[in-house]
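> With the sequence up front, the predicted model follows.
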Amino acid sequence: MLPIVVIAGRPNVGKSTLFNRLAGRRAALVADTPGVTRDRKEAEATLRGRRVRLVDTAGLEESAPETLYGRMRASSATAVSGADLVLFVVDARAGITPPDAHFADWLRRQGRPVLLVVNKAEGRAGANAALEAYALGLGDPVAVSAEHGEGLADLMREIADRL
Ligand code: GDP
Ligand code: MG
């Protein structure tokens, strides 16, 4: 069984962009898990020589703001429970939002290893958001720009080191 790396976080932080970057060209697409989360995507990828199964979580984009946290949790719970590592993605441009903080609290209680990823960290947004992100209590954040391809080698090393 390959180690399972789950990408979680609120809508629009760049989870799918990061998934595509990490999965890369050589990724073999794996069929979506039927009946679970229709838009969950999985791929096999090689990160620093480690073969992993990547899981992109989704399905929250249409939710109302007051239900966002509950829906984040509901859609991520199954994936997180089977994860060898959770990449918890936050958005440097938006900063740390209340749903991020709630989700972080929940995630800490799940007992799965978590790596905090500050995405959209290109330019000056990155440093401020990384400082804010420390306060989530999930360890040292790794700053990346999934869209611009920055910080990905560091992120892959951090992932491989935790598996
Ligand atoms: P998801 O809802 O978490 O899966 O987020 P998506 O991957 O769909 O991305 C949401 C939006 O953020 C899209 O418009 C992306 O192009 C944009 N985005 C993703 N990564 C970055 C990044 O590193 N920097 C910036 N500025 N935008 C990004
Ligand atoms: Mg997505």
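Looks like it came in fine. Not measured: the values here are computed from a predicted model. Residues are numbered from 1 along each chain as shown. Ligands and ions are numbered 1, 2, ... in the order given.

> So which bits of stretch 82-101 are buried?
Buried residues in stretch 82-101, defined by neighbour count with 16 or more other C-beta atoms under 10 Å: 83-92, 96, 99-100. Placement of C-beta: from N, CA and C, glycine included.

> Output it as CSV - backbone C-alpha positions only.
Extracted as CSV, the C-alpha positions of stretch 82-101 are listed here (Å, rounded to 0.1, in the frame of the first residue of the first chain):
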residue,chain,number,x,y,z
GLY,A,82,-7.1,7.3,6.1
ALA,A,83,-4.2,9.7,5.6
ASP,A,84,-0.6,9.0,6.4
LEU,A,85,0.0,12.7,6.0
VAL,A,86,-2.5,15.7,5.7
LEU,A,87,-1.4,18.7,3.8
PHE,A,88,-3.4,21.5,5.4
VAL,A,89,-3.5,24.3,2.8
VAL,A,90,-4.1,28.0,3.7
ASP,A,91,-4.1,31.0,1.5
ALA,A,92,-1.4,33.7,2.0
ARG,A,93,-3.4,36.3,0.2
ALA,A,94,-6.5,35.9,2.3
GLY,A,95,-4.5,35.3,5.6
ILE,A,96,-5.7,32.9,8.3
THR,A,97,-9.5,33.0,8.4
PRO,A,98,-11.8,31.7,11.2
PRO,A,99,-12.7,28.6,9.2
ASP,A,100,-9.0,27.9,8.8
ALA,A,101,-8.6,28.1,12.6
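
> is that stretch anywhere near ligand 2?
No. Stretch 82-101 lies out of reach of ligand 2 by C-beta under 5 Å from the ion, never closer than 9.9 Å.

> quick one: low-confidence parts of this protein?
Applying pLDDT under 70 to the chain flags the ranges 25-40, 59-75.

> residues touching the closest residue to ligand 2 within the chain, list them.
Distances between the chain and ligand 2 by C-beta to the ion are smallest at residue 16, namely 3.3 Å. Contacts of residue 16 were listed using C-beta atoms under 8 Å, 6 or more residues apart in numbering, and they are 41, 56, 58.
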